[in-house]
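J.: Predicted model, plus sequence, below.
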Amino acid sequence: MFDIENIVGKSHRLLKEYFGYDTFRPLQEEIVTHVMQKRDSLVLMPTGGGKSLCFQIPALMMDGVTVVVSPLISLMKDQVDGLNSNGIAAAFLNSTLTEEEESKIMQQCREGKISLLYVSPERITRSFETIFGMLNVSLLAVDEAHCISSWGHDFRPEYQQLKWIKHTFPDLPVIALTATADKTTRNDIITQLGIREPKIFLGSFNRPNLSLEVRVGVGAKDKDREILDYIRSRPNDAGIIYCMSRKSCERLSAKLNSKGLHTDFYHAGLSAEQRGRVQDSFINDDTLVICATVAFGMGIDKSNVRWVMHYNLPKNVEGYYQEIGRAGRDGLPSDTFLYFNLGDIITLRKFAEESGQVALNLEKLAQMQAFSESDICRRKILLSYFGEYLDKDCGNCDVCKNPPKKFDGTIIAQKALSAMMRTKENASTQMVVDILRGSQKKELIDHGFHRIKTYGKGADIVEDDWKQYIRQMMHLGLVEVAYDRNNALRTTELARKVLFEDKKVGLVKLVAPEIRKKRFKVT
Ligand code: ADP
Ligand code: ZN
């Protein structure tokens, strides 16, 4: 029989012995115990939440090898070196090794000398049968598991081959881990990996020490001046400014330096050596401010980044959350700012239209835009994206500090939610609005949606306002977008409380569309 007490006691001893920690972080102990029962799991935890221990501790307890799939070849060596220096037998297989080195590692694995084997997805798909057939593999850990899903924000086709593993070795326990996954992506990970009786461990994504602020419609010159003033006001603090293009990183850094600051820039166009130098000087506090593209930050473990700025709108909420998350890892108060101009939307829309998944990327961009334009507590919106609902407003974002007027929007919300439910959650925003407004469109009639009880019950609200209210309802956690069903609207658990338990919904009063348009200065 499975002896939980024994496992718990042992895992605590290993935590202390190999990692030097006295206590587990939230969920870690539960996850370790679950994995030790050879059951599958999906772990969603923010970056820095401590996902690695969830498979490293079991790896130390199990006979055989734990295979870890990780997409970041550049980090693999560091991870393995780190483990080795803690006295853990770990190795990696990827394209940087010679055949000889590789067969030596395989040999060590066969002899039971290796507990953790990190493997790149290319490597594993090429010869997973050799790895899993010849070695005594006790656990498969899939890191950055969202890469398997084309609904996620960082799809890697190689990852899709991983589904054959569970297919071929159904009894092998799997632990999938990610820091970013909306509900669609989450379900897709489970399906693709063939996770059985999925147990999902959802860590909190709330980072209350990060202040959130969006600055809308600030022109380029004013933006640069505000940034300069801000950095001067915090001469001893480290920060990152994320820019959209390589060129704008270089330009901004040069401009700030011309005003007497000492900043540097970082992007994927630099040589590995240059990138290493910039990273090191940032980590050692020699250069406090880096102007960078999204290439900067992966795997940089710096706890005292005091602020993160977005010079431009990020292309989706996942990216934005990851990037601001590099601030304040030590838990101390840290600032984040996002500049948002209509010009960004135009550029990003073009990128999305040129991408392989136009509808998906446009929808993700629309959510990012909606976050920036919204009058609802920004943290509520961010967390709703990860399926987490804050009961109260956060008090540490620009909306909370300057709250807009709200009215009782319960009836409006009920009408919309009821329409969504009666379409069996198969209708897009446009269709739901058409139903509410009683449109005669052919597609609507063909679906029989004109027979829905709330058909035409929202004709008093104009189309544009309905769309805004539905966005607000998403931000309040009542509605989600199903990317895998043509962006259809899906109601959440919380929505049931509004429909059936009369939970009140506060909506923000909308300003007239003509005023709304004027709010943006096109730069
Ligand atoms: P993630 O993979 O979720 O981004 P990591 O596994 O890299 O996070 O852990 C982030 C940091 O937290 C690491 O420095 C790790 O050593 C530390 N850490 C993890 N678990 C604990 C714990 N129980 N106690 C203290 N520190 C921990
Ligand atoms: Zn707030």
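T.: The structure has been received and is ready for your questions. Ligands and ions are numbered 1, 2, ... in the order given.

J.: Give me the residues contacting stretch 62-76.
T.: By C-beta atoms under 8 Å, 6 or more residues apart in numbering, the residues outside stretch 62-76 that reach it are 36, 55-56, 58-59, 79, 92, 94-96, 109, 112, 114-121, 124, 131-132, 135-144, 147, 156, 159, 162, 298-299. (Each C-beta comes from the backbone N, C-alpha and C, glycine too.)

J.: Identify those among the residues you listed that sit within helices.
T.: Met36, Phe55, Gln56, Pro58, Ala59, Gln79, Cys109, Pro121, Ile124, Ile131, Phe132, Tyr159 (DSSP state H).

J.: Which entries within these meet the buried criterion?
T.: The neighbour-count test (16 or more other C-beta atoms under 10 Å) marks Met36, Phe55, Gln56, Pro58, Ala59, Gln79, Cys109, Pro121, Ile124, Ile131, Phe132, Tyr159 as buried among the ones in helices among the contacts of stretch 62-76.

J.: Break down the stretch 151-300 of the chain into its strands, ranges please.
T.: Using DSSP state E, counting those that start in this stretch, the strands of the stretch 151-300 of the chain run over 174-178, 199-202, 210-216, 238-242, 263-266, 289-292.

J.: which one of those lies closest to Gly506?
T.: Closest approach to Gly506 among those (C-beta to C-beta): strand 210-216, 19.4 Å.

J.: Where does pLDDT dip in the protein?
T.: 1-2, 299, 511-523 (pLDDT under 70).

J.: Following element in sequence after the longest helix along it, please.
T.: Counting by DSSP H, the longest helix found in the chain is helix 358-373. Downstream of helix 358-373, the next assigned helix or strand under DSSP states H and E is helix 378-385.

J.: what sits up against that next one?
T.: 182, 205-206, 208, 212, 214, 317-318, 321, 367, 370-371, 374, 389-390, 393-394, 396-400, 474-477.

J.: Please narrow these to those residing in helices.
T.: Among the contacts of helix 378-385, DSSP H puts Val317, Glu318, Tyr321, Gln367, Ala370, Phe371, Asp398, Val399, Cys400, Met474, His475 in helices.

J.: Render the CA-only coordinates of stretch 344-361 in PDB, please.
T.: Extracted in PDB, the C-alpha atoms of stretch 344-361 (Å, rounded to 0.1, in the frame of the first residue of the first chain):
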ATOM      1  CA  ASP A 344       0.800  49.900 -31.500                       C
ATOM      2  CA  ILE A 345      -2.500  48.200 -32.300                       C
ATOM      3  CA  ILE A 346      -2.100  48.900 -36.000                       C
ATOM      4  CA  THR A 347       1.400  47.400 -36.100                       C
ATOM      5  CA  LEU A 348       0.400  44.400 -33.900                       C
ATOM      6  CA  ARG A 349      -2.700  43.700 -36.000                       C
ATOM      7  CA  LYS A 350      -0.500  43.500 -39.000                       C
ATOM      8  CA  PHE A 351       1.800  41.000 -37.300                       C
ATOM      9  CA  ALA A 352      -1.200  38.900 -36.300                       C
ATOM     10  CA  GLU A 353      -2.600  39.000 -39.800                       C
ATOM     11  CA  GLU A 354       0.700  37.700 -41.100                       C
ATOM     12  CA  SER A 355       1.000  35.000 -38.500                       C
ATOM     13  CA  GLY A 356      -0.100  31.400 -39.100                       C
ATOM     14  CA  GLN A 357      -3.100  31.700 -36.700                       C
ATOM     15  CA  VAL A 358      -4.800  34.900 -37.700                       C
ATOM     16  CA  ALA A 359      -8.100  34.600 -35.800                       C
ATOM     17  CA  LEU A 360      -6.400  33.300 -32.600                       C
ATOM     18  CA  ASN A 361      -3.700  36.000 -32.500                       C
END
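
J.: now the residue nearest the centre of the chain: how far from Cys394?
T.: Most central in the chain under C-alpha atoms, centre = their mean is Thr180, positioned 2.8 Å from the mean C-alpha point. Distance, Thr180 to Cys394, using C-beta to C-beta, to the nearest Å: 20 Å.

J.: what residues are up against the residue in the stretch 151-300 of the chain that ligand 1 sits nearest to?
T.: Closest contact between the stretch 151-300 of the chain and ligand 1, by C-beta to the nearest ligand atom, is at Ala179 (6.3 Å). Shown in contact with Ala179 (C-beta under 8 Å, 6+ apart): Leu44, Met45, Pro46, Thr47, Gly49, Lys51, Glu144, Gln322.

J.: cool, and Ser428?
T.: By C-beta under 8 Å, 6+ apart, the contact list for Ser428 reads Asn486, Asn487, Ala488, Leu489.

J.: thinking Ile189 is in contact with Ala181, fair?
T.: Yes - contact criterion C-beta atoms under 8 Å: Ile189 and Ala181 qualify, at 6.6 Å.

J.: count of residues packed around the residue in the stretch 401-523 of the chain that ligand 2 sits nearest to?
T.: Closest to ligand 2 within the stretch 401-523 of the chain is Lys401: 7.9 Å, counting by C-beta to the ion. Lys401 has 11 neighbours, counted by other C-beta atoms under 10 Å.
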